[in-house]
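Asker: Please work out how this folds:
(one chain, ligands or ions: 2)
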Amino acid sequence: MSDTREAVAGARRVVVKIGSSAITSLVGGLDRDRLDRLVDALEGRMRGGSDVVVVSSGAVGAGLAPLGLTVRPRDLATKQAAASVGQLALAHAWGTSFARYGRTVGQVLLTADDIARRTQHRNAQRTLDRLRALHAVPVVNENDTVATAELRFGDNDRLAALVAHLVGADALILLSDVDGLYDGDPRKGDAHLIAEVTSPEDLDGVVAGSGGALGTGGMASKLSAARLAADSGVPVLLTAASQADRALGAADVGTAFAPRPDRMSARRFWVRHAADTHGTLHLDAGAVRAVVERRRSLLAAGITGMSGRFHGGDVVALVGPDGRTVGRGVVAYDAAELDWMIGFSTQQLPADLQRPVVHADDLVTL
Ligand SMILES: Nc1ncnc2c1ncn2[C@@H]1O[C@H](COP(=O)(O)OP(=O)(O)O)[C@@H](O)[C@H]1O
Ligand SMILES: N[C@@H](CCC(=O)OP(=O)(O)O)C(=O)O
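Answerer: Ligands and ions are numbered 1, 2, ... in the order given. Below is the predicted model:
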């Protein structure tokens with residue numbers, strides 16, 4: 001048994017993401033029997049002493065049949081209408097299923113913005129913590145009806161990875177309709193299961209394809225979510241919902257993704273993965289070397305230009321002379337203030353403007 005699998009099996013706080021394909025079908029809509037089997041497995045894990053946060057897709061899938069739709073809509077408005085109908089049914093189904101065990105559920109709908117902005121981020125964190133303290137099971141989904149095209153999460157795999165970080169989870173379990181990561185799309189023929197991913201080389205040659213009729217992200221989004229979670233030090237197990245018992249028990253199925261040994265600080269993780277950027281700083285070659293190679297803070301002297309209406313505390317993109325984004329960081333000054341500081345050496349600036357523009361602790365390179 002690998003260390004990663006032991007960590008998943010022994011995790012005290014677990015985020016479990018359930019894909020649309022696991023609990024809905026195009027013809028039948030929401031499948032309550034399959035949902036009950038999942039809740040049985042989740043209940044088993046909770047009885048063993050673990051906290052569980054559920055991230056459940058399926059709102060769009062559950063809303064299709066009641067609206068007389070037979071294919072997953074492509075346009076945003078119809079998807080949002082389906083999600084609005086389906087989320088109600090979905091939350092109710094989770095509630096009645098957990099009620100069999102006398103458990104209460106709490107619905108948490110999040111948008112990308114909630115994770116990106118620090119205050120909302122903290123609010124969401126507090127709500128999730130309080131729900132768990134009150135012994136209610138949080139059931140999270142994207143707030144599909146208000147999310148606009150550009151605000152949408154890539155998909156719920158990414159949402160689940162961000163939630164895992166948000167609640168300080170010890171493991172993330174992704175349950176789909178496929179029993180693990182294969183070296184190619186298993187629907188297209190001969191493909192082999194990859195049991196352990198411990199380094200990027202394990203993914204060499206892997207073709208992660210698109211999803212099924214109901215899923216949105218396919219395997220590519222699961223891979224990037226697994227990488228995101230691993231970056232924040234969270235081990236990931238990916239398998240089929242039909243294997244939920246074993247995934248939540250001995251964790252001896254599917255594909256296990258090892259976490260990075262050097263867990264990224266919460267602040268740097270937020271800068272790198274969660275926050276939206278509010279502007280761009282253009283760096284000269286010397287500044288790129290200083291921040292990328294020597295891990296130094298960014299000073300006004302190395303900045304050649306800027307764009308965007310950012311404020312101190314916002315995250316900005318750092319772009320090199322060749323136009324490539326080299327990093328992201330929390331800027332210390334408002335755009336108006338920084339505008340006239342650009343190019344000056346620290347000694348040339350007044351004492352109150354001598355702090356670095358982006359401190360090394362708030363800067364991640366990409
Ligand atoms: N390399 C791969 N390994 C495993 N599955 C893959 C791969 N490439 C594509 N897939 C497909 O991705 C699908 C799962 O993604 P998706 O339909 O989005 O699921 P979910 O609804 O659980 O998010 C699987 O059914 C599988 O056919
Ligand atoms: N929020 C959407 C699901 C988005 C999504 O990522 O779906 P999936 O790929 O099935 O996890 C819904 O509830 O239908």
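
Asker: pretty sure residue 248 is in contact with residue 42, am I right?
Answerer: Yes - between residue 248 and residue 42 there is a contact under C-beta atoms under 8 Å: 6.7 Å. The C-beta positions use only the backbone N, C-alpha and C, and glycine is treated the same way.

Asker: Now do the shared contacts for the two.
Answerer: residue 16 (C-beta atoms under 8 Å, 6 or more residues apart in numbering).

Asker: Specify which residue of those two has the higher count of neighbours.
Answerer: residue 248 (28 against 25; other C-beta atoms under 10 Å).

Asker: List the residues that contact the nearest residue to the more buried one once chain neighbours are set aside.
Answerer: Residue nearest to residue 248 in three dimensions, not counting chain neighbours: residue 45, with 4.3 Å by C-beta to C-beta, 6 or more residues apart in numbering. In this structure, residue 45 makes contact with 14, 52, 248, 249, judged by C-beta under 8 Å, 6+ apart.

Asker: just residue 343 next, same as before
Answerer: Contacts of residue 343 by C-beta under 8 Å, 6+ apart are 300, 301, 303, 304.

Asker: Find the helix or strand that it is a member of.
Answerer: Of the helices and strands defined by DSSP states H and E, none includes residue 343.

Asker: Most neighbours among the contacts of residue 343, which one?
Answerer: Busiest of the contacts of residue 343 [other C-beta under 10 Å] is residue 300, holding 23 neighbours.

Asker: Low-confidence bits of the stretch 201-350 of the chain, can you list those?
Answerer: Counting by pLDDT under 70, the stretch 201-350 of the chain has low-confidence residues at 210-217, 274.

Asker: Would you map the helices across it?
Answerer: Counting by DSSP state H, counting those that start in this stretch, one finds helices in the stretch 201-350 of the chain at the ranges 218-231, 244-248, 266-269, 285-292, 335-341.

Asker: Which of those sits closest to ligand 2?
Answerer: Checking the helices of the stretch 201-350 of the chain against ligand 2 by C-beta to the nearest ligand atom gives helix 218-231 as the closest, at 6.9 Å.

Asker: CA atoms of the closest one as PDB?
Answerer: Output in PDB follows, covering the C-alpha atoms of helix 218-231 (Å, rounded to 0.1, in the frame of the first residue of the first chain):
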ATOM      1  CA  GLY A 218     -13.400  15.100 -18.700                       C
ATOM      2  CA  MET A 219     -10.200  13.600 -17.600                       C
ATOM      3  CA  ALA A 220      -8.100  16.700 -18.400                       C
ATOM      4  CA  SER A 221      -9.900  18.700 -15.700                       C
ATOM      5  CA  LYS A 222      -9.500  15.900 -13.200                       C
ATOM      6  CA  LEU A 223      -5.800  15.800 -13.900                       C
ATOM      7  CA  SER A 224      -5.400  19.600 -13.400                       C
ATOM      8  CA  ALA A 225      -7.600  19.400 -10.200                       C
ATOM      9  CA  ALA A 226      -5.400  16.600  -8.900                       C
ATOM     10  CA  ARG A 227      -2.300  18.700  -9.600                       C
ATOM     11  CA  LEU A 228      -3.800  21.700  -7.900                       C
ATOM     12  CA  ALA A 229      -4.700  19.700  -4.800                       C
ATOM     13  CA  ALA A 230      -1.300  18.000  -4.800                       C
ATOM     14  CA  ASP A 231       0.300  21.500  -4.900                       C
END
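
Asker: coming back round to it: I'd like the distance between the residue nearest to residue 248 and ligand 1.
Answerer: In this view, residue 45 and ligand 1 are 19 Å apart by C-beta to the nearest ligand atom, to the nearest Å.

Asker: In this structure residue 7 contacts residue 233, no?
Answerer: No - using C-beta under 8 Å, residue 7 is not in contact with residue 233; the gap is 10.1 Å.

Asker: how about the strands in the stretch 51-200 of the chain?
Answerer: Counting by DSSP state E, counting those that start in this stretch, one finds strands in the stretch 51-200 of the chain at the ranges 51-56, 105-110, 137-142, 171-176, 181-182, 193-194, 196-197.
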